[in-house]
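Trainee: A predicted structure for the sequence below; I have some questions about it.
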Amino acid sequence: MDAVQIAALTFPNIDPVAIRIEVELAIRWYALAYISGLLLGWAYIVSLLRRPPRSMTSEQVGDFLGWAVVGIVIGGRLGYVLFYNRDHYLANPNEIFAIWQGGMSFHGGFVGMLLAMETYARGRNLSFLALADLVACATPIGLGLGRLANFINGELFGRVSDVPWAMVFPRGGDLPRHPSQLYEATLEGIVLFLLLFCLARFTDARSRPGVLGGTFLLVYGIGRVLIEFVREPDAHLGLRYGVLTMGQILSLPLIVAGAWLIARGTARAAPQTAP
């Protein structure tokens, strides 16, 4: 029997996916550091409030979290714009809120957080200093994670050095440099967190409003001033007065404020305990 040739249509090969949306999603370590720092800080404050004095409720801590985010982000960005790159942003105002391009300042975020705490505490009839003490205890978590993110990004590296642990950063040329981000992560994160934890847990510091917040400011300010001596100054700013970086100048008032808060808090009469 002769073979019969049968005509066949070409299968149209229609894509089984009706609609495909191609999206490139990049989650940066710095964003993760911010989010993790805020969430872990919130959980830590809630844990501190399980022991007296209970200056606010757990619900109020969660409510304040949104205020903290706004204060840190807006303050941190505007601080960077004003303190570190004012001329550039005056010439390019459309880039001021382009935070995805990078550029945040601790000192600006600090001012933004102060305003958020003052506004929230006043509206809820809470003690500003008691709230500040709680926030101070949690802040080293975010600071430490943020400095680790700086290290991963290869930014904010140290000055050229011949110490055995110096390393060459992709953005820092061919010479080895201090990993100053790790120094800051250790001091601003681990050391400061443990110090405040011990004060809050084993002393009456929480009963003396301002002591914990003052300790944070004093230790952070001194640490920042010292580490900035081995951190590479911002290229567009250099050294002020031939000696100090902008970070050091902005940290000096924190040292003074911290010492004043500690003296003010410890000068008060010791809290009375029930017999």
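Mentor: Perfect, I can see it now.
Trainee: read off the pLDDT value for Tyr80.
Mentor: On the pLDDT scale, Tyr80 is placed at 83.
Trainee: for Leu9, that is, sorry about that
Mentor: At Leu9, the model reports a pLDDT of 51.
Trainee: before we move on, what about the one 5 residues further on?
Mentor: Predicted confidence (pLDDT) for Ile14: 59.
Trainee: doesn't His107 lie inside a strand?
Mentor: No. Using DSSP: H, G, I helix; E, B strand; the rest coil, the assignment for His107 is helix, not a strand.
Trainee: just the buried residues of the worst-scoring helix or strand of the chain on mean pLDDT, please?
Mentor: For the chain, the helix or strand with the lowest mean confidence is helix 86-91, at a mean of 78 (criterion: mean pLDDT, DSSP states H and E). Within helix 86-91, the residues scored as buried using 16 or more other CB atoms under 10 Å are Tyr89. Quick note: C-beta positions are derived from backbone N, CA and C, even for glycine.
Trainee: just give the nearest non-adjacent residue to Gly62, would you?
Mentor: Leaving aside its chain neighbours, Gly62 sits nearest to Trp42 (6.6 Å; criterion: CB to CB, 6 or more residues apart in numbering).
Trainee: now Ile72: closest residue in space, sequence neighbours ignored.
Mentor: Leaving out its chain neighbours, the residue that sits closest to Ile72 by CB to CB, 6+ apart is Gly109, at 4.5 Å.
Trainee: looking at this, Met104 is in a helix?
Mentor: No. Read with three-state DSSP, Met104 is coil and lies in no helix.
Trainee: what strand or helix carries the spatially closest residue to it that is not a sequence neighbour?
Mentor: Closest residue in space to Met104, ignoring its immediate chain neighbours: Gly76 at 4.0 Å, by CB to CB, 6+ apart. Applying DSSP states H and E as the criterion places Gly76 in helix 58-83.
Trainee: list the helices and strands that helix packs on?
Mentor: Helices and strands touching helix 58-83, by 3 or more CB pairs under 8 Å, 6 or more residues apart in numbering; DSSP states H and E, are helix 29-48, helix 106-124, helix 128-153.
Trainee: identify whichever of the ones you listed lies nearest to Asp162.
Mentor: Using CB to CB as the measure, helix 128-153 is the one of these that comes nearest Asp162, at 19.9 Å.
Trainee: now tell me what touches the next helix or strand after the closest one from outside.
Mentor: Tracing the chain past helix 128-153, the next element assigned as helix or strand by DSSP H and E is helix 180-184. Outside helix 180-184, the residues that touch it by CB atoms under 8 Å, 6 or more residues apart in numbering are 143, 147-148, 150-151, 155-159, 223-224, 227, 230-232.
Trainee: chain center to stretch 113-132, what's the gap?
Mentor: How far stretch 113-132 lies from its chain's middle: 19 Å, per CA atoms, centre = their mean, to the nearest Å.
Trainee: using PDB, write out every CA atom in that stretch.
Mentor: The C-alpha coordinates for stretch 113-132 follow below in PDB (Å, rounded to 0.1, in the frame of the first residue of the first chain):
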ATOM      1  CA  MET A 113      14.800  60.600  65.800                       C
ATOM      2  CA  LEU A 114      14.900  63.200  68.500                       C
ATOM      3  CA  LEU A 115      12.100  65.100  66.800                       C
ATOM      4  CA  ALA A 116      10.100  61.900  66.400                       C
ATOM      5  CA  MET A 117      10.600  61.000  70.100                       C
ATOM      6  CA  GLU A 118       9.700  64.500  71.300                       C
ATOM      7  CA  THR A 119       6.500  64.600  69.200                       C
ATOM      8  CA  TYR A 120       5.400  61.100  70.100                       C
ATOM      9  CA  ALA A 121       6.200  61.400  73.800                       C
ATOM     10  CA  ARG A 122       4.400  64.800  74.100                       C
ATOM     11  CA  GLY A 123       1.300  63.400  72.200                       C
ATOM     12  CA  ARG A 124       1.100  60.300  74.500                       C
ATOM     13  CA  ASN A 125       2.000  62.100  77.700                       C
ATOM     14  CA  LEU A 126       5.200  59.900  78.100                       C
ATOM     15  CA  SER A 127       8.600  60.900  79.500                       C
ATOM     16  CA  PHE A 128      10.900  61.900  76.700                       C
ATOM     17  CA  LEU A 129      14.000  60.900  78.600                       C
ATOM     18  CA  ALA A 130      12.600  57.500  79.500                       C
ATOM     19  CA  LEU A 131      11.700  56.900  75.900                       C
ATOM     20  CA  ALA A 132      15.100  58.100  74.800                       C
END
